[in-house]
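# 3D model of this:
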Amino acid sequence: MRMRGKNLLLKLDPEAPDFTNPDRPAKLLIHGDGMKIAAPLVHDREKLLNLLGGLELCFEANIIVAWNIKPLFSFFKAITGKNLDLGRIWDLKVIEHFHAVEEAPPKTVEEALGRLSRLPIESFAPIYDKIYTPFIKTILPQMETTGLAHQKKKKVVYPYFELEDSANGRLKCRGAWKRSYLPHTMDKDDKANLLPVDYDDVFMYFDFKAFEVSVLQWVSGDTKLEYILGSGDAYPQIWRATTSLEPDQHSKERAKTLFLSVLFGSGAKSVAEKFGTDEKTGRELINRLKQTFPTAFQWIEQLELDEGNYSTDCFGRIRKFEIGKDYLVRNFQIQAPASTICFKKTIDLYEKTKDFAKLSFHVHDGMVILVNKGEVRKAANIGTKVLESDDDMFPGLKLQVSCKWGRRLDQLENI
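A predicted model of the protein is given here:
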């Protein structure tokens, strides 16, 4: 059948083909004008290369729409060791979720195109091309096919990530594979048992420090927070600026508790309970914090929902809030931009380290790579530099990164 020049809709059956389980059949469904093809996704390298490699030339379509197509790229990379490129694909599930549209998978290419046409594709395209396309085609397939050896289970296990299943756009993970592990919910046993497959490799964990503070400063333009973020460890300095007390070993955690509690809407009673004090003191701490950083907290307090209980973040992500839960808009207006920023920085880290390291997994505001133990210092220097550097997508954002390394996830050491 000829596909060239046709608009196409791509879907997977099941939605997450399992490359760790050859006994679980899967197929790629290709819908076109007046045609439907079911291409089997086989666990054979040469056959899969011939099948999907040949489709690259056929997919010279006008528009290719897909529904949750990321697992196809992971499956192809796991079986062939290569990255798959089928041209520009608009993932309708990703785009609709970004714009707070929740619908079932489209049944026809006409339905998919109709739904796509109702979305602000032109304004969304720069973010989609810079962030979501690399995540769909390269970043998540790289992480999902970089296995770890589980000593206790005596097998190699892999993560699976949902790109658009959290309210604020952050990655979620679930056990979609026969041989899975869950990066976001690892317990002590998992951390002790999960090891790099290559004996000479070690983990390197990069984590953004005071990330919510950094994002709040950037979206609000608070100059005092900007100064603090550019001068070292943020939370002890926030404690000094707010209380006029010199920081001690407890100040960092106290400042973090106070700042995030007030940022996300806690009142005097809640703050008092967290600090083990009375409500009057809790109110005083809140007032001092707001007086110290008036620009930041005035910005967060003026947030209001649009008609229909919608809110839009600085990158254009939309979320609809349930009636009575509009207080969650504070969290959304910080966490949603944070997820976009973290995605972009993960892409940058991958591009700068892919020649000597492997992107392993992503946890909230942090990312983990595998690197030969002889390249630890090199990776730390390059990773820190790229993650803390300025970016055209969010110019002026002050970021601080911590870096740890080790053979075991439960025994990582600071660099």
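
# Residue 180 and residue 155 touch, don't they?
No - taking Cβ atoms under 8 Å as the definition, residue 180 is not a contact partner of residue 155, at 10.6 Å. In short, each C-beta sits where N, CA and C put it, glycine included.

# These two: who's more crowded?
When residue 180 and residue 155 are compared for neighbours, residue 180 comes out ahead with 16 against 12, by other Cβ atoms under 10 Å.

# Who are the contact partners of that one?
Taking Cβ atoms under 8 Å, 6 or more residues apart in numbering as the definition of contact, the neighbours of residue 180 are 20, 157, 158, 159, 160, 174.

# So what sits opposite it in the bridge?
Following DSSP bridges, residue 180 is listed with bridge partners residue 158.

# And it, how close does it get to residue 119?
In this structure, residue 180 and residue 119 are separated by 32 Å, where distance is defined by Cβ to Cβ, to the nearest Å.

# same check, this time on residue 45
37 Å.

# So for these two, which residue has more residues nearby?
residue 119 (16 against 12).

# Distance-wise, check the more buried one relative to residue 310.
Going from residue 119 to residue 310 by Cβ to Cβ gives 14 Å.

# buried stuff in stretch 394-411?
Across stretch 394-411, burial judged by 16 or more other Cβ atoms under 10 Å covers 394, 397, 398, 399, 400, 401, 403, 404, 405, 406, 409.

# Relative to residue 16, which of the residues you listed is nearest.
For residue 16, the closest of the buried residues of stretch 394-411 turns out to be residue 409, at 24.8 Å, with distances computed as Cβ to Cβ.

# Phi, psi for the closest residue to the closest one other than its chain neighbours please.
The shortest distance from residue 409 to any non-neighbouring residue, by Cβ to Cβ, 6 or more residues apart in numbering, is to residue 191 (4.0 Å). Residue 191 has phi and psi values of phi -60, psi -30 when expressed as degrees, to the nearest 10.

# ok, now which ones touch residue 191?
So residue 191 contacts 408, 409, 410 (Cβ under 8 Å, 6+ apart).

# mind listing which of those residues are in helices?
With DSSP state H as the criterion, helices contain none of these.

# any chance of those in JSON lines, plus pLDDT and distance to residue 290?
Supplementary listing: those in JSON lines, determined by pLDDT from 0 to 100; distance: Cβ to Cβ, whole Å:
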{"residue": "408", "pLDDT": "96", "distance to residue 290": "43"}
{"residue": "409", "pLDDT": "96", "distance to residue 290": "39"}
{"residue": "410", "pLDDT": "95", "distance to residue 290": "39"}
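
# so residue 319 sits in a helix?
No - with DSSP: H, G, I helix; E, B strand; the rest coil as the criterion, residue 319 is assigned strand and is not in a helix.

# Next, the residue of the chain most remote from its centre: secondary structure please.
Computed with Cα atoms, centre = their mean, the maximum C-alpha offset from the centroid of the chain is found at residue 280, amounting to 39.4 Å. Three-state assignment for residue 280 (three-state DSSP): helix.

# show me the contacts for it.
Contact analysis of residue 280 by Cβ under 8 Å, 6+ apart lists residue 268.

# quick one: it and residue 163, what's the gap?
For residue 280, the distance to residue 163 under the criterion Cβ to Cβ works out to 46 Å.

# again, but for residue 256
Distance of residue 256 to residue 163, computed by Cβ to Cβ: 29 Å.

# follow-up on the earlier one: which of the buried residues of stretch 394-411 sits closest to residue 104?
For residue 104, the closest of the buried residues of stretch 394-411 turns out to be residue 394, at 34.2 Å, with distances computed as Cβ to Cβ.

# and that closest one, what helix or strand is that in?
Residue 394 is located outside every helix and strand, with elements delineated by DSSP states H and E.

# ok, now which ones touch it?
With contacts defined as Cβ under 8 Å, 6+ apart, residue 394 is in contact with 218, 337, 341, 344.

# got it, and residue 270?
Residues touching residue 270, when contacts are defined by Cβ under 8 Å, 6+ apart, comprise 261, 282.

# Next, the buried residues of the helix or strand containing it.
Assigned by DSSP H and E, residue 270 belongs to helix 268-275. Buried residues in helix 268-275, counting neighbours by 16+ other Cβ under 10 Å, are found at 268, 271, 272.
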